[in-house]
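Visitor: Fold the following and give me the result.
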Amino acid sequence: MQIIYLDNAATTWPKPPGVKAIMAEVLDQYAANPGRGGHTLAMKASKILFQTRMQVSRLFGIKNPNDLFFYLNATQALNQAIKGYLKQGDHVITSSIEHNSVRRPLEYLRRTKQVEITYVQPRADQLFYAEDFRQAIRSNTKLIVISHASNLTGVILPVQEIGQVARSAGIAFLVDASQTAGILPIDVEAMGIDMLAFPGHKGLYGPQGTGGLYVSSAIELEPLIHGGTGSQSESVDQPSTRPDRFEAGTVNTVGLAGLLAGVEFVLEKGVENIHRHEWGLAKQTMQKLLEIPGVEVYGPDPSVERVGVVACNVSGVDASEVSFILDQRYGIATRAGYHCTPLGHQTFGTLEKGAVRASFGVFNTEQDVERFVAAMREIAEAFHS
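Guide: Residues are numbered from 1 along each chain as shown. All right, here's what the predicted structure looks like:
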């Protein structure tokens, strides 16, 4: 059975052919430690890292590539940003749809450093507004951190407007671009973003084990990890220079080479074109699902533009069972459950049952939509006949 992969919000698949090719090249020819030696292989490995840093910076409008640090995923990047910035008694504003990669570090700091947290809720139309973040500011507010888009319903937050709120109040602004990097246009300067966390394995079409964090030169962070950097080795302290200060230990050179190929694929395709394609498929899916008796679709009205994520359920049927049937009987890969965002499920009214999530990538087609909708129709009819 031909697999239809609709779990791109977790990890995009398949990858562009260039990703595998360059990773094999690095492994075969120069998989040495970058920045840890002056021999030819180490220099080639350093060059591939430099190229990746340059291309990612180009994609996100980062002026100084040295302000970009590589991590294994967006979760590590978010932990570095949040725990490295907030101090005892600070106040932080976030949204009620955050992934656990934001929520758990914040709640940990609430317990250990008495950090205060305000979770901003969407309005009746299930959308977020910058004014509500402005109203939440206190005298001790030091950080606003939000997901650019929900990994449950695909709803997009007004990042540029919230960035203006943060900048006018002198508050640092951290954006989790896990669902938007490579999918929505991001310019850290124009959008007022002080810190940007992103995964390499989703919309950037790189391999798992890659990701990063942009930190404005105006922001000072305490590094979470200390160790070898290949620079200032005579010092007992972590180097002060970027990116070395935040990249202790050997980086994933092979994976970051794959990320380079993925980012170049995205740049060639065009972010706007990718979003138009994925949103078009998601919108078709929602519209067709809403025509099926017994199928529930979550989030704002389908006329409201989102990223390519659709959350749904068959009424009265466990989401995991529906996802299992889709996989075993129809060869359709979706994700069921809570998607690491119980906050989001609470916000959209699915905390008790979770949801089936279908998420689209650049390689999905309208035929995939038709097969998924037809399968959901058969499942709903089987349980409600």
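
Visitor: And the residue nearest to Phe348 when sequence neighbours are not counted, how far from Gly230?
Guide: Distances taken as Cβ to Cβ, 6 or more residues apart in numbering put Tyr298 closest to Phe348, at 4.9 Å, once the chain neighbours are dropped. C-betas here are computed from N, CA, C, even on glycine. Applying Cβ to Cβ, to the nearest Å, the value for Tyr298 to Gly230 is 48 Å.

Visitor: These two: who's more crowded?
Guide: Just comparing Tyr298 and Gly230: by other Cβ atoms under 10 Å the higher neighbour count belongs to Tyr298, 23 against 17.

Visitor: Would you mind giving both backbone torsions of Gly299?
Guide: Here is the backbone geometry of Gly299 (degrees, to the nearest 10): phi 100, psi -180.

Visitor: So what's the residue count around it?
Guide: Residues lying near Gly299 (other Cβ under 10 Å) number 22.

Visitor: Tell me who's in contact with it.
Guide: Shown in contact with Gly299 (Cβ atoms under 8 Å, 6 or more residues apart in numbering): 126, 150, 152-155, 306, 311, 348.

Visitor: Which one (most neighbours) among these?
Guide: Ser150 (32 neighbours).

Visitor: how near is it to Arg335?
Guide: From Ser150 to Arg335 the distance is 14 Å (Cβ to Cβ).

Visitor: What distance do you get for the nearest residue to Leu259 once chain neighbours are set aside to Ser233?
Guide: Spatial nearest neighbour of Leu259, chain neighbours left out: Gly206 (3.4 Å); criterion: Cβ to Cβ, 6+ apart. As judged by Cβ to Cβ, Gly206 and Ser233 stand 30 Å apart.

Visitor: Counting neighbours, go ahead and name the busier of the two.
Guide: Counted by other Cβ under 10 Å, Gly206 and Ser233 do not tie: Gly206 has more neighbours, with 33 against 9.

Visitor: Looks like that one contacts Asn252 (just checking).
Guide: No: counting by Cβ atoms under 8 Å, Gly206 sits too far from Asn252 to count as a contact (9.9 Å).

Visitor: Spell out, range by range, the strands that occur in the chain.
Guide: Using DSSP state E, the strands of the chain run over 4-5, 68-71, 91-95, 116-120, 141-147, 172-176, 195-199, 211-215, 295-297, 309-314, 332-333, 335-337, 355-359.

Visitor: can you redo these as TSV with mean pLDDT?
Guide: Converted to TSV, the strands of the chain look like this (pLDDT from 0 to 100):
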stretch	mean pLDDT
strand 4-5	98
strand 68-71	98
strand 91-95	98
strand 116-120	98
strand 141-147	98
strand 172-176	98
strand 195-199	98
strand 211-215	98
strand 295-297	96
strand 309-314	97
strand 332-333	98
strand 335-337	94
strand 355-359	97
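
Visitor: can you count the residues close to the closest residue to Asn8 other than its chain neighbours?
Guide: Nearest non-adjacent residue to Asn8, counting by Cβ to Cβ, 6+ apart: Gly361, 3.6 Å away. Residues near Gly361, counting by other Cβ under 10 Å, number 24.

Visitor: My understanding was that Gly361 contacts Lys15; is that so?
Guide: No: Gly361 is not in contact with Lys15 according to Cβ under 8 Å; the separation is 10.0 Å.

Visitor: residue contacts, Phe165?
Guide: Careful, residue 165 is Val; it's not Phe. With contact set as Cβ under 8 Å, 6+ apart, Val165 has these partners: 130, 133-134, 137, 144, 171.

Visitor: just curious, which of the residues you listed is nearest to Gly258?
Guide: Ile144 (32.3 Å; Cβ to Cβ).

Visitor: who does the closest one bridge with?
Guide: Counting by DSSP bridges, Ile144 is bridged to Ile93, Phe173.

Visitor: Distance check, Pro16 against Leu256.
Guide: Distance from Pro16 to Leu256, by Cβ to Cβ: 15 Å.

Visitor: Show me which of the two is the more surrounded one.
Guide: Under the neighbour definition other Cβ under 10 Å, Pro16 and Leu256 were set side by side, and Leu256 has more, 28 against 20.

Visitor: Check what pLDDT that one gets.
Guide: Leu256 carries a pLDDT value of 98.

Visitor: my guess is Asn66 contacts Asp244, does it?
Guide: No: assessed by Cβ under 8 Å, Asn66 is found out of contact with Asp244, at 9.0 Å.

Visitor: who has more neighbours, the two?
Guide: Set Asn66 next to Asp244 and count neighbours by other Cβ under 10 Å: Asp244 wins out with 19 against 14.

Visitor: All good on my end, thank you.
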